[in-house]
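Colleague: Have a look; sequence and predicted model below, questions after that.
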Amino acid sequence: MLNLVLFGPPGAGKGTQSAKLIEKYGLIHLSTGDLLRAEISAGTTLGLEAKKLMDQGILVPDAVVIGMIENKLNENKSSSGFIFDGFPRTVAQAEALDALLASHSLSITQMIALEVAEEELTQRLLERGKSSGRPDDQNESLIRKRVQEYMEKTAPVAGYYDNQGKFTGINGVGEIEFIFGQILSIIEK
Ligand code: AMP
């Protein structure tokens, strides 16, 4: 089984590269951002509570996203692997993910981080906001808040996987196909 964490700040290209990896390896895509947006669209209590935080660019509580991931792991027990996109975003989430996977006799294969400078991220997200319809992509101060949350709470997750010998960082600026090729070479190793 191939269980990948695709890591990086908002706008690094995780969604784009996830889609290509899913096509190639038939993995189940687990994006907590997408799962939260589905809850918002469905008008659930969880969605409404999460929206208040997402509209401020703040992370939702660990227990909320861990619960969603647990449900998805239980629903997809026979899959050939998972790609985690936008999760884990805190060290506590990473620890919970390890425990959840271990309870299914699984583990993370590798974390691949897409590295992109902050100015480039802001430009990419503002551009994406023109067509994505995501309110959090349309406001520069909100984008900066999301990047700040990433730097403070999420960046340390890289060290967590590095300590396990499972971290590889690559340059996330360049042609999509070139970056995808680099990801493939890491996986094939
Ligand atoms: P994303 O689509 O990954 O950019 O996530 C959009 C927003 O959803 C983030 O700004 C957070 O408010 C929330 N979110 C998504 N994934 C997580 C997570 N793993 N932990 C906490 N909050 C999350």
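Modeller: Thanks, I have the structure now. Numbering: from 1, shown residues only.
Colleague: doesn't Phe84 fall inside a helix?
Modeller: No - counting by DSSP: H, G, I helix; E, B strand; the rest coil, Phe84 is not part of a helix but strand.
Colleague: residues touching the residue in the chain that the ligand sits nearest to, list them.
Modeller: Of all residues in the chain, Gly33 sits closest to the ligand, with a separation of 2.0 Å (Cβ to the nearest ligand atom). (Glycine included, C-beta is placed from N, CA and C.) Residues near Gly33 by Cβ atoms under 8 Å, 6 or more residues apart in numbering: 85-86.
Colleague: tell me which parts of the protein are close to the ligand?
Modeller: Counting by Cβ under 6 Å from any ligand atom, the chain comes close to the ligand at 10, 32-33, 36, 53-54, 57-60, 65, 86-87, 89, 93, 136, 146.
Colleague: Could you measure from Tyr150 over to Lys14?
Modeller: Separation of Tyr150 from Lys14 (Cβ to Cβ, to the nearest Å): 12 Å.
Colleague: ok, the two, which is more surrounded?
Modeller: Comparing Tyr150 with Lys14 by neighbour count (other Cβ atoms under 10 Å), the higher total belongs to Lys14, at 24 against 21.
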